[in-house]
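Asks: sequence first, predicted coordinates after that:
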Amino acid sequence: MEKITTSNAPAAIGPYSQAFSAGGLLFTSGQLGLDPATGLSAGDTVEAQAEQSCKNVGAILEAAGIGYAQVVKTTCFLADMNDFAAFNQVYAKYFTGNPARSCVAVKTLPKNMRCEIEVIAELP
């Protein structure tokens, strides 16, 4: 196992790591739409937060030496399922390979964010 970290994605806000590689796969922690430089929300809309969440996932993938094309599974969390269509529009720009996905609504997310994305990706 190897811990994967990057300053180009927000630092963990609890006792966990940004990602770990194990068994030829990369497992990321959920990525909120937080600006890695400030630790603050990238905006109030689901679109702004989803955009930053996808960028944060991308930064972790890059730190592991891979990209979005290697993602095989995503799990997406929405604070409001009414944001589903708007979230999908942003998500589709990044995850063009259409990996397997689960998307669920949750009561609340950390820092009262609107969305969070975690991924499993294949390593070279």
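Replies: Arrived safely, thanks for sending.
Asks: list the buried residues for the lengthiest helix in the chain?
Replies: Among the elements of type helix in the chain, defined by DSSP state H, the one spanning the most residues is helix 46-63. By neighbour count, with 16 or more other C-beta atoms under 10 Å as the criterion, the buried positions of helix 46-63 are 46-47, 49-61, 63. No exception for glycine: its C-beta is placed from N, CA and C like everyone else's.
Asks: tell me where the chain has helices.
Replies: Assigned by DSSP H, the helices in the chain fall at 46-63, 84-94.
Asks: now the ones you listed in a markdown table, with mean pLDDT and distance to Asp35?
Replies: Converted to a markdown table, the helices of the chain look like this (pLDDT from 0 to 100; distance: least, C-beta to C-beta, whole Å):
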| stretch | mean pLDDT | distance to Asp35 |
| --- | --- | --- |
| helix 46-63 | 98 | 6 |
| helix 84-94 | 98 | 16 |
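Asks: distance to Glu116 added to those, as JSON lines?
Replies: As requested, the helices of the chain are exported to JSON lines (distance: least, C-beta to C-beta, whole Å):
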{"stretch": "helix 46-63", "distance to Glu116": "7"}
{"stretch": "helix 84-94", "distance to Glu116": "11"}
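Asks: mind checking which of the ones you listed is nearest Glu122?
Replies: Ranking the helices of the chain by their distance to Glu122 (criterion: C-beta to C-beta) puts helix 46-63 first, at 10.8 Å.
Asks: distance of the closest residue in space to Gly97 that isn't next to it in sequence relative to Thr96?
Replies: Computed as C-beta to C-beta, 6 or more residues apart in numbering, the closest residue to Gly97 that is not its neighbour in sequence is Ala69, at 5.4 Å. When distance is defined by C-beta to C-beta, to the nearest Å, Ala69 is 8 Å away from Thr96.
Asks: just the pLDDT for the nearest residue to Met81 once chain neighbours are set aside.
Replies: Leaving aside its chain neighbours, Met81 sits nearest to Ala105 (4.2 Å; criterion: C-beta to C-beta, 6+ apart). Ala105 is assigned a pLDDT of 97 by the prediction.
Asks: do the same with the one 4 residues further on
Replies: In the predicted model, Leu109 carries a pLDDT score of 97.
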